[in-house]
Structures are given as structure tokens and as C-alpha cells.
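> no sequence on this one, just coordinates:
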């Protein structure tokens, strides 16, 4: 794993095997499924060349709650299949360093399992975030800068 100032490098299984990564979405997935780049992101209309994931359940919860589509939000434990890097949309732009432990990859991530028990944000926090994203959209600014 590298920081955003360096190109993404392949992480070996031994470097990531003790780490747990999460992806929040509304997609109904099964273990072994691949989450691939090239689909609309949770936060933008255009297709993203990246797959985003995090080492924190908190960040994945936002993904599950804000994801477009029908059905309930879901959080999956995932494993990267290739190189990944710190997510520059959060790292240093909003939070110095990478306290959200958020990453992105141009390679798929594999679903390992689903997280059965997780707690969503309070309704007022969710509304504040959705209002913020709507304001950005009105200004022509996308929340995710690919």
C-alpha cells in the first residue's frame, strides 16, 4: 500500500491478510463476487474507474447509506485483488493523513462475507450529509474527484 503521493503498488497477501477491508453499497452480493471499477459511484453520476473501500466500518456505513439504488444498504468484508492507494478524495483534502483508512483501486475487490450487524448514522446526520451532497451537485461539484 502506498500513500497518495506515490503510484499504487501491489500489496502482497501477507501485507493485507491481517487487515479487514469493508465496502458499503446497496448491491446484493455473495462471497466470491467481484466489485469492479467502471460502475456509477455512490456519490457521482458518472462511472468511476476506481473501486473504493475502507478499513473502518464507519466509512463503509456512509457508503451503504448514501449508495444509489433500491434496497437496503449493505456492508461487505472485501479483499483487494491488486494494487491500491490511499483515497485522495479524503486523504489530505479533508483529513490530513488517512484517519478514515479509505482506499481505492483500479483492480476489483472480492467479497469475502457480509457484515450482518452494523448501525447506521442518526437520521439528522444522514440528512446533513445528503443536503451537503445536494449542495455540491447544485454547484456542479462532484463529491468524488477521479
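Received, thanks. Every value quoted in this text rests on a predicted model; they were computed, and no experiment measured them.

> Show the subsequent helix or strand relative to the strand or helix carrying residue 22.
Here residue 22, judged by DSSP states H and E, is contained in strand 21-25. For strand 21-25, the following helix or strand on the C-terminal side (DSSP H and E) is strand 34-35.

> Pull up the pairing partners for that following strand, direction included.
strand 109-114 (antiparallel) (DSSP bridges).

> Does the lengthiest helix in the chain pack against any helices or strands, and if so which?
Criterion DSSP state H: the longest helix present in the chain is helix 123-138. If you count contacts as 3 or more Cβ pairs under 8 Å, 6 or more residues apart in numbering; DSSP states H and E, helix 123-138 packs onto helix 57-66. For glycine as for every other residue, the C-beta is placed from the backbone atoms N, C-alpha and C.

> Now the helix it packs on: buried residues?
57, 59, 60, 61, 62, 63, 64, 65, 66 (16 or more other Cβ atoms under 10 Å).

> and it, what does it pack onto?
By 3+ Cβ pairs under 8 Å, 6+ apart, helix 57-66 packs against strand 21-25, strand 51-54, strand 74-80, helix 123-138.

> Output these as JSON lines; include the columns mean neighbour count, mean pLDDT and distance to residue 102.
Formatted as JSON lines, these follow (neighbours: other Cβ atoms under 10 Å; pLDDT from 0 to 100; distance: least, Cβ to Cβ, whole Å):
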{"stretch": "strand 21-25", "mean neighbour count": "23", "mean pLDDT": "96", "distance to residue 102": "10"}
{"stretch": "strand 51-54", "mean neighbour count": "26", "mean pLDDT": "94", "distance to residue 102": "5"}
{"stretch": "strand 74-80", "mean neighbour count": "21", "mean pLDDT": "97", "distance to residue 102": "13"}
{"stretch": "helix 123-138", "mean neighbour count": "12", "mean pLDDT": "85", "distance to residue 102": "15"}
